[in-house]
Structure formats: structure tokens, C-alpha cells
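Colleague: Below are the sequence and a predicted model; questions follow.
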Amino acid sequence: MKAEFIAPFAEAATSVAEMIMGAQPIRGDLSAKQVLFTALPVNILCGVNGDLEGLVMYSMSKDTALKIAELMMGTTPKVFDQMVASAISELGNMITGNSSSIFSGKGMVCNITPPTLVRGNNIRISTFNVPTLVIPFTFDGIGSIEVNVSLRETKIALAA
């Protein structure tokens, strides 16, 4: 996977986080994985297709998800219910949508699929041998989110 596929997600995650959480996140060191995997229990999956294809997964702890949902909803959730799931899913949708707009500004077509919330420990998603680049973000007083990007150029984009 090309490293330049990461920059739009880092930029979008930072701007969406600033808008929702009112603070700039601290970005950790980029790392790579051979597969799309996380040990964190709350994950939002968004598909990408067009000139790029693959998956982006936003992973976090339950406590982080609840704190983000609280900021998004304006009320303190008592349990991880459907409203929390919807708010957290919308976070993934917003970041991926903003990333798609950034790619579009560079002349690339990137459509996104609706987000899917996956809960559980040790989640592994098959990406058909597309490596994953991971951008960790930490939010003061909120928690951490891993942005796992597993994308490749499509044959149509490579032929152009």
C-alpha cells in the first residue's frame, strides 16, 4: 500500500476530531500490519471503492466510544446502546467522507460504503493481502483511536 493513501485520512481525522471534540489530537507513529487486525473492542468499518478499493477501520475502547458519543450527542450515555452505536458509526462516516473529498481534490474517485460497527475482541478482517497502515491518535481526556487503512489502487486506476 502506498503511504500517500494515509495523508487524507490523517488530515480528515484531525479536522473531524477538532470539530467534534474541540481539541487537536496527538498523532502517534505510523505503523504497518500485514493484515487488518485490532484487539480493541469497538470498530467502525468503512469500505472504499473507485480508484482505490479496500477498507478503513476506526478502532477504540468502549470508554473512548462512550466519551466521543457523549460529545456528539450532547448527553451522557449510560450504556452502549443503539444511539451510541449510531454516533460512533457517524464518526467513521465523517472521517472517511472527508478523506474521499480530499482524494477527489487530487483527481481520484473514491466512493465510500455506509459504516458497519463491529464489536468484539481480536477482530481480524480479510483484505486479500493488502497491508494495513495504522495511524494512532490520542485525545486528551477522551482516549485513543487507531485509524487502520487497508487500500490499494484498482486496475482501472492503474490503467489510466
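Modeller: Received it, and whenever you're ready, just let me know what you need. Numbers count the residues shown, from 1 in each chain.

Colleague: avg pLDDT for the strand ranked longest in the chain?
Modeller: Counting residues, the longest strand found in the chain (DSSP state E) is strand 143-153. Model confidence over strand 143-153, given as mean pLDDT, is 94.

Colleague: before we move on, what about stretch 126-136?
Modeller: 85.

Colleague: Pull the distance from it to the chain's centre.
Modeller: Here the centre of stretch 126-136 is set off from its chain's centre by 12 Å, with Cα atoms, centre = their mean, to the nearest Å.

Colleague: now do the same end-to-end measure for it.
Modeller: Length of stretch 126-136, first residue to last, Cα to Cα, to the nearest Å: 21 Å.

Colleague: So which bits of that stretch are buried?
Modeller: 127, 130, 132-136 (16 or more other Cβ atoms under 10 Å). No exception for glycine: its C-beta is placed from N, CA and C like everyone else's.

Colleague: hmm, back to that, paired strands for the longest strand of the chain, with orientation please.
Modeller: Here strand 143-153 is paired, per DSSP bridges, with strand 52-60 (antiparallel), strand 132-139 (antiparallel).

Colleague: got any ranges where the chain has weak pLDDT?
Modeller: Along the chain, segments meeting pLDDT under 70 span 1, 155-160.

Colleague: Quick check: phi and psi on residue 72?
Modeller: phi -70, psi -40 (degrees, to the nearest 10).
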